[in-house]
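Undergrad: let me see the structure of the following:
(one chain, ligands or ions: 1)
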Amino acid sequence: MKYLASALLLDVLYALAVHRRFNQHEPSLSWSLLLVLMVPLLLTWVLINHALSFPMVFLTAYVLFFTTLFTSIVAYRLSSFHPLAKYPGPIMCKISQLWAVLVYSRGKGHYYRKMLHDRYGPIVRIGPNELSVTEKDMLPYILGSQGMPKGPLFEGRRMTSVSDKDTEHFNLIVTRNMQRHAVLRKAWNRAFADAPLRDYEDLMLARARQLINALKTICEKQGGVAGVDVASWIGHFTFDFMGDMAFGGGFELMRDGDSERLLPNMAMSLYYACLCQAVPWFSPVLRNLPYIGEPIRAFGSFAFQQAKIRHDQEPDKKDLFYHLIAAYHADSEESPFTLILSNSILAIVAGADTTATVLRNTIFYLLTNPAYYARLREEVDAAFPPTETSALDTKSCPVSPS
Ligand code: HEM
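TA: Have a look, this model is predicted:
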């Protein structure tokens, strides 16, 4: 036992050194991290092997190492030495990002954030190394003259496993490379200029008519009035439209239903992305976990398949990727397949989920507020008298720029 005290002291010093090192260089999941974590065991094993059994050596090494490491981390994060010490926020947020994971897991992150700003003011420390700012006048100071790259939360939101060397191929929304973002953004802007929008509009009108006809048929079959799950129909509608808009068609959820569980897989992937944005290092672990990671893998492989099909078959109509490829090739030599692949998940989520959420909420609030529903109906009827023109035709919309 004569080396026990030295072993324990070395363990403590090593844990403090690891904290210091990780404080300057964020650890990532890798073989080197595994090696770092092996050291306490080796140290203790060599020094006190003969005095204690292996399970006791193991326990002594890791209980002491992790207790020292976590105590040191918590003490530093709550101390006045931390660079964000002067900003107010709840203790749990200052101590660990895991608190944010807990809050996000209940789907109430937005209420929580608002509650924090109501209590602490326009700048709140919402994580050990994260601030939330609601004061718009501070934006120029925060972004600086050159702009600011997107934060690490976008690493956590990635849904596909891409090796580091492919970093430049990440899609517009998650790329943290400002140059790459600028080039892609220019292409996306061109793909959403007036002329391309008119191409997408025809596709949208066709799907909107399909939705209305489907709902009408259900009602007619039940004598005029029927109960339907509107949220689910809207999800199918936006998914079908997104398929037309981005991949030249091929999705028929409104007609055939969702037997492949595309919508639940997308919803689960977004839920995971929302959790992992607080702990980006956990994102690749979660993706690879058996069973738990299945929805995200299935969604990733669906997006990959669509990208491949879209690349191999040029659609008859000009879709999003037609315009993106045309716009992007003015500035880059990157292969069309890479462009389609790296932006396919973005196109699916942005085209289907966001629009479905907005439509579902709009319908919910209109139906639960009949006065507003009546007012909106009056306005629409006045602008598009039913006998003259269709309200689906945006060319006849009074506020349309065209
Ligand atoms: C009503 C529907 C939509 C809503 C509410 C919405 C909302 C948003 C929000 C909040 C962001 C910023 C995300 C962030 O930085 O965390 C964003 C970014 C983006 N959205 Fe949408 N979106 C909608 C529809 C669409 C559609 C239909 C597309 C294209 C298919 C699209 C493409 C994008 C892209 C490419 C970005 C990234 C922009 C950038 O980083 O420069 N969105 N959207």
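
Undergrad: what residue is smack in the middle of the chain?
TA: Arg157 (4.0 Å; CA atoms, centre = their mean).

Undergrad: roughly how far apart are the nearest residue to it once chain neighbours are set aside and the ligand?
TA: Leaving aside its sequence neighbours, Arg157 sits nearest to Ala273 (CB to CB, 6 or more residues apart in numbering; 4.4 Å). (Each C-beta comes from the backbone N, C-alpha and C, glycine too.) With distances taken as CB to the nearest ligand atom, to the nearest Å, Ala273 is found 10 Å from the ligand.

Undergrad: now Gly235
TA: Distance of Gly235 to the ligand, computed by CB to the nearest ligand atom: 13 Å.

Undergrad: flag every buried residue along the particular helix or strand that has that residue in it.
TA: Assigned by DSSP states H and E, Gly235 belongs to helix 230-247. Buried residues in helix 230-247, defined by neighbour count with 16 or more other CB atoms under 10 Å: 233-247.

Undergrad: count of neighbours near the residue nearest to Arg157?
TA: 21 (other CB atoms under 10 Å).

Undergrad: can you pull the pLDDT of it?
TA: Per-residue confidence (pLDDT) for Ala273: 92.

Undergrad: could you double-check that it lies in contact with Leu153?
TA: No: between Ala273 and Leu153 there is no contact, the gap being 9.5 Å when judged by CB atoms under 8 Å.

Undergrad: burial of whichever residue of the stretch 201-350 of the chain sits closest to the ligand, as a residue count?
TA: Here the stretch 201-350 of the chain gets closest to the ligand at one residue, Ala350, 3.3 Å apart by CB to the nearest ligand atom. Neighbourhood size, Ala350 [other CB under 10 Å]: 18.

Undergrad: wait, is it part of a helix?
TA: Yes: residue state for Ala350 (DSSP: H, G, I helix; E, B strand; the rest coil) corresponds to a helix.

Undergrad: and it, how far from Leu270?
TA: Distance of Ala350 to Leu270, given as CB to CB, to the nearest Å: 11 Å.

Undergrad: list residues touching both of those two?
TA: Common contacts of Ala350 and Leu270 (CB atoms under 8 Å, 6 or more residues apart in numbering): none found.

Undergrad: list phi and psi for Glu130.
TA: Main-chain torsions, Glu130, degrees, to the nearest 10: phi -140, psi 140.

Undergrad: pull the residues that contact the helix or strand hosting Val183.
TA: Using DSSP H and E, Val183 sits within helix 178-191. With contacts defined as CB under 8 Å, 6+ apart, helix 178-191 is touched by 146-147, 149-150, 168, 170-172, 175, 196, 320, 323-324, 326-328, 330-332, 343.

Undergrad: filter the residues you listed to the buried ones?
TA: Members of those classed as buried by 16+ other CB under 10 Å are Lys150, Phe170, Asn171, Leu172, Thr175, Pro196, Leu320, His323, Leu324, Ala327, Tyr328, Asn343.

Undergrad: just give the nearest non-adjacent residue to Val39, would you?
TA: In space, Val39 is closest to Tyr14, 6.1 Å off (CB to CB, 6+ apart).

Undergrad: ok, the residue of the stretch 1-150 of the chain found nearest the ligand - contacts?
TA: Residue of the stretch 1-150 of the chain nearest the ligand, by CB to the nearest ligand atom: Lys150 (7.1 Å). By CB under 8 Å, 6+ apart, the contact list for Lys150 reads Val174, Thr175, Arg176, His181.

Undergrad: helix, strand or coil: sort out the third one for me.
TA: Reduced to three states with three-state DSSP, the structure at Arg176 is coil.

Undergrad: tell me the contacts of it?
TA: Applying CB under 8 Å, 6+ apart to Arg176 gives the contacts Pro149, Lys150, Gly151, Pro152, Phe154, Glu155, Phe170.

Undergrad: just the ones of the residues you listed in helices?
TA: Applying DSSP state H to the contacts of Arg176, the entries found in helices are Phe154, Glu155.

Undergrad: what two of the contacts of Arg176 are the furthest from one another?
TA: Farthest pair in those (CB to CB) is Gly151 and Phe170. Separation: 14.1 Å.

Undergrad: what's the helix-or-strand element of the chain with minimal mean pLDDT packed up against?
TA: In the chain, no helix or strand scores lower on mean pLDDT, DSSP states H and E than helix 31-48, which sits at a mean of 75. In terms of contacts (3 or more CB pairs under 8 Å, 6 or more residues apart in numbering; DSSP states H and E), helix 31-48 is packed against helix 4-24, helix 54-78.

Undergrad: how about the contacts made by Ser232?
TA: Counting by CB under 8 Å, 6+ apart, Ser232 touches Leu263.

Undergrad: the residue lying closest to Phe337 once chain neighbours are set aside: which element?
TA: Once flanking residues are discounted, Phe337 sits nearest to His311: 4.7 Å by CB to CB, 6+ apart. In this structure, His311 sits in helix 294-312 according to DSSP H and E.

Undergrad: may I see the buried residues of that helix?
TA: Neighbour-count burial for helix 294-312 flags Pro295, Ile296, Arg297, Ala298, Phe299, Gly300, Phe302, Ala303, Gln306, Ala307, Arg310, His311 (criterion: 16+ other CB under 10 Å).

Undergrad: quick one on the thing from earlier: format the helices and strands packed on helix 31-48 as CSV; extra columns: distance to the ligand.
TA: Output for the helices and strands packed on helix 31-48, formatted as CSV (distance: least, CB to the nearest ligand atom, whole Å):
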stretch, distance to the ligand
helix 4-24, 27
helix 54-78, 25
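
Undergrad: lowest mean pLDDT across these, which one is that?
TA: helix 4-24 (a mean of 83).

Undergrad: name the residues of it that are buried.
TA: For helix 4-24, by 16+ other CB under 10 Å, it's Ala7, Leu8, Leu10, Asp11, Val12, Tyr14, Ala15, Val18, His19.

Undergrad: near the ligand, which residues of this structure are found?
TA: Leu172, Ile173, Arg185, Trp188, Leu346, Ala347, Ala350, Gly351, Thr354, Thr355, Val358 (CB under 6 Å from any ligand atom).
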